[in-house]
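Chemist: no sequence for this one, just the structure:
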């Protein structure tokens, strides 16, 4: 009974080369090795398979019927192995990289960084997956993710990108219609737009000089998308807890105004997360290094 495994890929490729070149000597010249070494590898392959692949004579080689069937199935193997070596030894990043982020982070922070990356590495192409759900990077085959918090999974590595804390904002239109809250008690009677993961049931926990202030809004809308919460706040639907880094442009343009600036949420960490790999492809390493150096969450470049 023959035993064949992944260790036979190279001998099979040598066999294909012998057939293509028409002789052991020709294959040896092509591969840069000795004729005897080529002959040994093919002979051992035949022994492992339990079949004769080549009929040898003093003048020429010819394929047996079994040898022809094997050749037809593995004739592309040498090129595949060459391509694998090219990939492993490439000097410039190339290929596709997938990255996921939440809608608000992706829309607000990623485009300038990715444009800069593309200019630097034109041979790398990106798959961008925006989702407010925490996708399983390994199960989904995603190379990188930008997340709030640090992973609990030991199979993932995290690099801290930025720290931020929620603050309260509202549109000027909302403030004009409902007034600017003057203290924490005023917040109870205002309308709120709440991110469901942060303020379930309309309960918001903020801090004032280290002391927690719990606010149970009487009138609130719940939404699971941070980007939609921003849009609802801009539309004048109520007060909202937002990251200052994601609404910097809106505040600068006067489309949102801070509310009770002394209140803030807990410190949150934005991290770049990726599966632990010993041999990381050059294209993924290039994107990781670029995003870390780019300082995604800093103020836009002038």
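Modeler: Looks like it arrived, so ask away. All of these numbers come straight from a predicted model, not from anything done at the bench. Numbering: from 1, shown residues only.
Chemist: helices along the stretch 1-150 of the chain, start to end?
Modeler: 9-21, 24-31, 35-49, 65-74, 77-88, 103-120, 137-140 (DSSP state H, counting those that start in this stretch).
Chemist: and residue 232, which of those helices is closest to it?
Modeler: Residue 232 sits nearest to helix 103-120 of all the helices of the stretch 1-150 of the chain, at 12.3 Å, using Cβ to Cβ. Bear in mind the C-beta positions are built from the backbone N, C-alpha and C, glycine included.
Chemist: that closest one - contacts with which helices or strands?
Modeler: The helices and strands touching helix 103-120, judged by 3 or more Cβ pairs under 8 Å, 6 or more residues apart in numbering; DSSP states H and E, are strand 95-101, strand 124-130, strand 144-148, helix 226-234, helix 282-294.
Chemist: how big is the angle separating that helix from helix 282-294?
Modeler: In terms of direction (axes from the mean of the first three to the mean of the last three Cα atoms, to 10 degrees), helix 103-120 departs from helix 282-294 by 110 degrees.
Chemist: begin at 11 from here
Modeler: Got it, first residue is 11 now, which makes that one helix 113-130.
Chemist: for this protein, give me the ranges with low pLDDT.
Modeler: 11-14, 68, 92-100, 287-289, 309-312 (pLDDT under 70).
Chemist: nearest residue to the middle of it?
Modeler: residue 154 (2.2 Å; Cα atoms, centre = their mean).
Chemist: show me the contacts for the spatially closest residue to that one that is not a sequence neighbour.
Modeler: Counting by Cβ to Cβ, 6 or more residues apart in numbering, residue 109 is the residue found nearest to residue 154 once chain neighbours are left out, at 4.4 Å. Going by Cβ atoms under 8 Å, 6 or more residues apart in numbering, residue 109 touches 120, 136, 137, 138, 139, 152, 153, 154, 155, 156, 297.
Chemist: wait, the fourth one touches residue 116, no?
Modeler: So that's residue 138. Yes: using Cβ atoms under 8 Å, residue 138 makes contact with residue 116 at a distance of 6.8 Å.
Chemist: out of these two, which sits in the more crowded spot?
Modeler: For residue 138 versus residue 116, the count of surrounding residues by other Cβ atoms under 10 Å is larger for residue 116: 20 against 13.
Chemist: once you drop chain neighbours, what's closest to the more buried one?
Modeler: Using Cβ to Cβ, 6+ apart, the nearest residue to residue 116 is residue 140, at 4.3 Å.
Chemist: all helices for the stretch 161-310 of the chain, in order.
Modeler: Under DSSP H, counting those that start in this stretch, the stretch 161-310 of the chain gives helices at 182-188, 194-197, 236-244, 258-262, 292-304.
Chemist: return the most buried member of those.
Modeler: helix 236-244 (a mean of 21; mean count of other Cβ atoms under 10 Å).
Chemist: how much space between residue 59 and residue 42?
Modeler: 25 Å (Cβ to Cβ, to the nearest Å).
Chemist: between those two, which one's more packed in?
Modeler: residue 59 (19 against 6).
Chemist: for that one, give its distance to residue 268.
Modeler: Counting by Cβ to Cβ - residue 59 and residue 268 are separated by 75 Å.
Chemist: what's the answer for residue 182, then?
Modeler: Distance from residue 182 to residue 268, by Cβ to Cβ: 11 Å.
Chemist: likewise for residue 166?
Modeler: 35 Å.
Chemist: contact partners for the closest residue to residue 35 other than its chain neighbours?
Modeler: Once flanking residues are discounted, residue 35 sits nearest to residue 45: 5.0 Å by Cβ to Cβ, 6+ apart. For residue 45, the contacting residues are 34, 35, 38, by Cβ under 8 Å, 6+ apart.
Chemist: could you report the neighbour count for the first one?
Modeler: Using other Cβ under 10 Å, residue 34 has 23 neighbouring residues.
Chemist: that one contacts residue 25, doesn't it?
Modeler: No: the pair residue 34 / residue 25 is not scored as a contact, 10.6 Å apart, by Cβ under 8 Å.
Chemist: mind listing the shared neighbours of these two?
Modeler: The contact lists of residue 34 and residue 25 share residue 52, where a contact means Cβ under 8 Å, 6+ apart.
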